[in-house]
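Participant: have a look; sequence and predicted model below, questions after that.
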Amino acid sequence: MKLANLSLSVLALAFAASGYSADLTVQGEVISSQGKLESGKTKSTDPITGETVTEDSEGNAKAVTAPGVGVSLQYKLNDALRLGGGVGYVNYDDKDEGEYSDLSVAANATFDFYKQEGFALYGLGGLSYHMVDPKDVKEDGFELKMKSADLLNYDLGVGGRFDVAENVNLSLGYRFSDTLAKGTIDSTASAIGTGLSQKAEFKDVTLQKNEFIASVGYSF
């Protein structure tokens, strides 16, 4: 529900911006993403005694590289400034870090700080909402079920845009994203067939991302 509400907010922002200009650009994106998901604390409950223990996490999570896709809208307010937003999806899978997906919705602004005919260099800043969904694990008689976490990140980036036809452009960019509002992942570990289970919370969850993005845009 939160993701749907934010998606509507991003689209509302984009359409509000369209009142200032008729220049709307739709972009399809291919993403090479390096993501690091980690938690600051683990809170667990002993299934027998009911005792709750909170421990600091080791903080040794490693970055995982994965491909992703995205779609974005941009409205041109003037010759340099554009407002917009988009939706992105990346699925990270690593034998040590496990598998999790990131579905994100972003709102941002780009500013062209250098322009020549048919070419521009731009900077980007904005906010993004992330729904991080770890995949359940079942092996060796145990099953670990995990719920998704909601995170709010800030985004910073730079890139270049090339006009290849009257209404078509290519863009290459880099984006850094880090967490402002941390989340919590609830989990339940069970011994299959025994009825024994242990609940735990991974608290202060953050997602840091370094992404390279190639996109094709069409302007109406």
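Facilitator: Perfect, I can see it now.

Participant: any low-confidence regions in the chain?
Facilitator: Applying pLDDT under 70 to the chain picks out residues 1-22, 47-48.

Participant: what strands flank the strand ranked longest in it, and is each parallel or antiparallel?
Facilitator: As assigned by DSSP state E, the longest strand anywhere in the chain is strand 197-219. Paired neighbours of strand 197-219 in the sheet (DSSP bridges): strand 24-38 (antiparallel), strand 41-45 (antiparallel), strand 168-181 (antiparallel), strand 183-191 (antiparallel).

Participant: buried residues in the second one?
Facilitator: When burial is assessed from 16 or more other Cβ atoms under 10 Å, strand 41-45 yields the following buried residues: 42-44. The C-beta positions use only the backbone N, C-alpha and C, and glycine is treated the same way.

Participant: of these, which is the nearest to residue 132?
Facilitator: Closest approach between the buried residues of strand 41-45 and residue 132, by Cβ to Cβ: residue 42, at 16.3 Å.

Participant: what lies in contact with stretch 192-204?
Facilitator: 39-47, 54, 57, 138, 141-143, 149, 182, 184-191 (Cβ atoms under 8 Å, 6 or more residues apart in numbering).

Participant: follow-up on the earlier one: okay if I get the strands paired with strand 197-219 as TSV plus distance to residue 208?
Facilitator: Below are the strands paired with strand 197-219 laid out as TSV (distance: least, Cβ to Cβ, whole Å):
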stretch	distance to residue 208
strand 24-38	5
strand 41-45	17
strand 168-181	5
strand 183-191	13
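
Participant: tell me the most buried of these?
Facilitator: Highest mean neighbour count among the strands paired with strand 197-219 (mean count of other Cβ atoms under 10 Å): strand 24-38, with a mean of 18.

Participant: pull the CA atoms of that strand into CSV?
Facilitator: Extracted C-alpha coordinates of strand 24-38, given in CSV (Å, rounded to 0.1, in the frame of the first residue of the first chain):
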residue,chain,number,x,y,z
LEU,A,24,7.7,15.0,-21.5
THR,A,25,10.3,12.3,-21.8
VAL,A,26,9.7,8.6,-21.1
GLN,A,27,12.8,6.5,-20.5
GLY,A,28,13.5,2.8,-20.4
GLU,A,29,16.5,1.9,-18.2
VAL,A,30,18.9,-1.0,-18.0
ILE,A,31,20.7,-1.0,-14.6
SER,A,32,23.9,-2.5,-13.3
SER,A,33,23.5,-2.4,-9.6
GLN,A,34,25.8,-3.1,-6.7
GLY,A,35,23.8,-3.4,-3.5
LYS,A,36,24.7,-3.9,0.1
LEU,A,37,21.9,-4.9,2.5
GLU,A,38,22.8,-5.0,6.2
